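**Student:** can't give you the sequence, but here's the structure:
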């Protein structure tokens, strides 16, 4: 009886993880850039005084900080002896799989506000952006020097799996 309750509990946990929303938010207006697994973890990209950027992982009611540029600049340790040739990893991502993967994302919010710095180019973009507003999103051209992008994408792990499995 206890074994069955543990198995059912694990299956319910797996089901909850498969249907949990994953959010990607890029907002240049409020300077928010993050990826979030709702209720589980959140990774923020923040500016830093010493480094250019840092990643803040909020999980298990704690904050963990990572500096990704330190990983790039670290010299790799070379071992004495035989040198192994690097094998190129091949991915089996066909163009159809990539398209299915991109189509699995849902755009929750899209707002683009552009100023090119040239009033003639802005006036040429105005009718194009007005026409694009009919298909969804919120596109605009301003003459005040503001460039803004607000993008909120949402996906679920089950949709990512379905795009790879091709159901």
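**Tutor:** Cool, the structure landed. Since this is a predicted model, take the numbers as computed values, not measurements.

**Student:** For residue 124, pull up the helix or strand it's in.
**Tutor:** Here residue 124, judged by DSSP states H and E, is contained in helix 119-132.

**Student:** Average pLDDT for the helix or strand just after that helix, rounded please.
**Tutor:** Following the chain from helix 119-132 toward its C-terminal end, the next helix or strand by DSSP H and E is strand 138-141. With pLDDT averaged residue by residue, strand 138-141 scores 93.

**Student:** which parts of strand 138-141 are buried?
**Tutor:** For strand 138-141, the neighbour count (16 or more other Cβ atoms under 10 Å) marks 139-141 as buried. No exception for glycine: its C-beta is placed from N, CA and C like everyone else's.

**Student:** Also stretch 44-61?
**Tutor:** Under 16+ other Cβ under 10 Å, the buried positions of stretch 44-61 are 44, 54-55.

**Student:** Residue 165: which of these is nearest?
**Tutor:** Distance to residue 165, by Cβ to Cβ, is smallest for residue 55 among the buried residues of stretch 44-61, at 30.5 Å.

**Student:** can you pull the contacts of the residue lying closest to that closest one once chain neighbours are set aside?
**Tutor:** Distances taken as Cβ to Cβ, 6 or more residues apart in numbering place residue 66 nearest to residue 55, at 4.4 Å, with adjacent residues excluded. Residues in contact with residue 66 (Cβ atoms under 8 Å, 6 or more residues apart in numbering) are 54-57.

**Student:** Name every strand pairing with the strand or helix carrying residue 65 and say which way it goes.
**Tutor:** Residue 65 is part of strand 62-66, with elements assigned from DSSP H and E. When sheet partners are counted by DSSP bridges, strand 62-66 sits next to strand 53-59 (antiparallel).
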